[in-house]
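Chemist: predicted model and sequence follow; I will ask about them next.
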Amino acid sequence: MNLLHMKYALAVAETNSINKAADELLVGAPALSRAIKELESSLGVALFERSSKGMFLTPDGELFVRYAEKALGLVDDIENLFKDGSTAKTQFSISVPRASYIANAFAQFSKKVDRMSETELFYKETNASRAINNVLNKDYKLGIIRYSEQFDSYYQSMMQEKGLNSELITEFKYVTIMSKDSPLAKIPELAFDDLTDYIEIAHADPYVPSLPVADVKKVELPNNGHCRIFVFERGSQFELLSANHDTYMWVSSVPNSLKTLF
């Protein structure tokens, strides 16, 4: 097995066709077909199912592609490391939930970075399952996940099974926020019933991820309102909250610096 054969296999997997992959790779189709057969022979497994409709990955092929992508990615990293005779930039990557307190913490962390250094920081907002996947498969160095306490045993078992170390950062209860000009802001002590006639702004993926379908439960918000706007991007949520005084949000702790924006 060699790196070129791995590259060939990835191209065939992407196009589901020897001819299309050969055109992209600028090699002859017979030579490409022969290389794929040699690769399968060296591994002792069939990577593709061949039919009149094209070339499709077998289960072994899917596993191979996943590892081949990692291997070729590492090769690219090595080549870039010493590109032009210099070492690569220092990199730090973190995958986190969409939360203002985490964004604020990262902003404070960024102040400690030497702006004259060769440094690259990657900050990815996503949900719990994708954060875990990013650490396992996408070379993210650190991940932060957020979930309801009732799912703690599930996540602890899952992370232990995958060989991940974890540490509790903080615990919190959700709070309600709204524009300072909202009628809700004038109520001394809010109750759930006070929110019924107002519009809730919620994340577009509010469900606890990674659980079996039968166990998926919505734990982020009480379901007592009539109207709800689902938004994927956190900045847009705050724009809505500020512009529409009939809206509110259930959120984790909000830094004081943001509270003046609503």
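Modeler: That came through, no problem.

Chemist: could you list the low-pLDDT ranges of the stretch 51-200 of the chain?
Modeler: 81-88 (pLDDT under 70).

Chemist: and the strands in it?
Modeler: 54-57, 90-96, 119-125, 142-143, 175-178, 199-203 (DSSP state E, counting those that start in this stretch).

Chemist: Asn134 is nearest to which of the ones you listed?
Modeler: strand 90-96 (4.0 Å; Cβ to Cβ). C-beta here means a position set from N, CA and C on the backbone, and glycine is covered the same way.

Chemist: between strand 119-125 and that closest one, find me the angle.
Modeler: On the basis of axes from the mean of the first three to the mean of the last three Cα atoms, to 10 degrees, strand 90-96 is oriented at 10 degrees to strand 119-125.

Chemist: what residues of strand 90-96 count as buried?
Modeler: 93-96 (16 or more other Cβ atoms under 10 Å).

Chemist: farthest-separated two in these?
Modeler: Pairwise over the buried residues of strand 90-96, using Cβ to Cβ, the maximum falls at Ser93 and Val96, 10.5 Å.

Chemist: identify the contacts common to these two.
Modeler: 123-124 (Cβ atoms under 8 Å, 6 or more residues apart in numbering).

Chemist: now Glu24: how far from Lys141?
Modeler: 33 Å (Cβ to Cβ, to the nearest Å).

Chemist: please apply the same query to Ser253.
Modeler: 25 Å.

Chemist: please apply the same query to Lys124.
Modeler: Distance from Lys124 to Lys141, by Cβ to Cβ: 11 Å.

Chemist: again with Thr170
Modeler: The value you get for Thr170 to Lys141, if Cβ to Cβ is used, is 20 Å.

Chemist: between these two, which has more neighbouring residues?
Modeler: Lys141 (12 against 9; other Cβ atoms under 10 Å).

Chemist: and that one, what does it touch?
Modeler: 92-94, 135.

Chemist: closest one of the residues you listed to Thr196?
Modeler: For the contacts of Lys141, the nearest to Thr196 is Ile94 (38.1 Å; Cβ to Cβ).
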